[in-house]
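K.L.:
Model the structure of this input:
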Amino acid sequence: MEFLKIGCLNLDKTRQRLRGGLLTSLTLVLLLTQSCASHSPENTDLKISKMAGLQADELRGGDFVLRVYYKFDNPGAPLHIYLEGDGRAWLSGTSVSRNPSPRNPVALHLAAREPGKNVMYIARPCQYVSFEKNPHCEYPYWTGKRFSTEVIDSVSAVINLGKEKARANKLEIVGFSGGGAVAVLVAARRSDVSGIRTVAGNLDHRAWTRHHKVDSLDGSLNAADVAEKVANIPQIHYVGSQDENIGQYVAESFLSRAGRADCIKIQTVKGATHSKGWEQAWPRLIATALPECS
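P.N.:
All right, here's what the predicted structure looks like:
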């Protein structure tokens, strides 16, 4: 197969299709003009982590080196994991981003407000890490393969490293947007997850792509497909009342696949959009007890 190498990104020259349209010259220009920097231009992630007293590291898990921020101040206590969203996956409906590092890392904002003493934020593959350290970082891993087996394996492996360092026995996982899907898919493979919270979580990407009439994520696992497997884990799925990207129908689709409702709660957060309003509401939301499963 022939590849066209453009800076930090490999593009499949012969099979590239982006949401129903062929790669255009305009898309190539946009790809070429984007930065390959490992951090956002404002170094937002570094500023947030520093203010919260989180330490930075880059950890290899499977195929990827992932950026993490953490504090382990209470060895042996449950570890709270925060998983970032999809970031800048697309520039427009037909133009893929060259670097998916989010300009507004919502999950990191939430981790910074975590009241627990053991917390670990994990960015998604190819976010905030130099592509030179990540030769597998090609655009499918933040588009169609964003929830692929390789991605889930990588995140779970990094969680293992954090769990070992924190000397934790149990995990509570929080995922924002696409990170919500990753949280569920990771939990389905583990026996140490005692709680799941998702914020504007993409819990059924098939329902989501049908709703928006965009190409399906054929290279990805779907959280809804493992809903029954995680149905015994206490969980809350927060939905913004003003979220035009991932509406309540996504969480309801997931719930319908779970087979039981006593462990799973859907909570609407008034005024929240897809990416705004969560940081302010988080101290109240994280204080809400998870459901008690009968």
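K.L.:
I figured Glu58 hits Val68, correct?
P.N.:
Yes - Glu58 is within contact range of Val68, at 7.2 Å (criterion: C-beta atoms under 8 Å). In this view, the C-beta of every residue, glycine as well, is placed from N, C-alpha and C.
K.L.:
More neighbours: which of the two?
P.N.:
Val68 (23 against 16; other C-beta atoms under 10 Å).
K.L.:
wait, doesn't that one sit right on Gly162?
P.N.:
Yes - under the criterion of C-beta under 8 Å, Val68 makes contact with Gly162 at 6.9 Å.
K.L.:
and for those two, which residues touch both?
P.N.:
Residues touching both Val68 and Gly162 by C-beta atoms under 8 Å, 6 or more residues apart in numbering: 59, 120, 122.
K.L.:
tell me the contacts of the last one?
P.N.:
I take that to be Ile122. 66-68, 81-84, 155, 158-159, 162.
K.L.:
Longest strand in this protein, please.
P.N.:
In the chain, taking DSSP state E as the definition, the longest strand is strand 64-72.
K.L.:
going on from that strand, what's the next piece of helix or strand?
P.N.:
strand 79-83 (DSSP states H and E).
K.L.:
got the CA positions of the helix or strand following that following strand in PDB?
P.N.:
Note on strand 79-83: by DSSP H and E, the next helix or strand toward the C-terminus is helix 106-112. The C-alpha coordinates for helix 106-112 follow below in PDB (Å, rounded to 0.1, in the frame of the first residue of the first chain):
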ATOM      1  CA  VAL A 106     -12.300  19.000  29.700                       C
ATOM      2  CA  ALA A 107     -11.300  15.700  31.400                       C
ATOM      3  CA  LEU A 108      -8.100  17.400  32.700                       C
ATOM      4  CA  HIS A 109     -10.200  20.300  34.100                       C
ATOM      5  CA  LEU A 110     -12.300  17.700  35.900                       C
ATOM      6  CA  ALA A 111      -9.300  15.800  37.200                       C
ATOM      7  CA  ALA A 112      -7.900  19.100  38.600                       C
END
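K.L.:
So what's the gap between stretch 94-102 and the chain middle?
P.N.:
15 Å (C-alpha atoms, centre = their mean, to the nearest Å).
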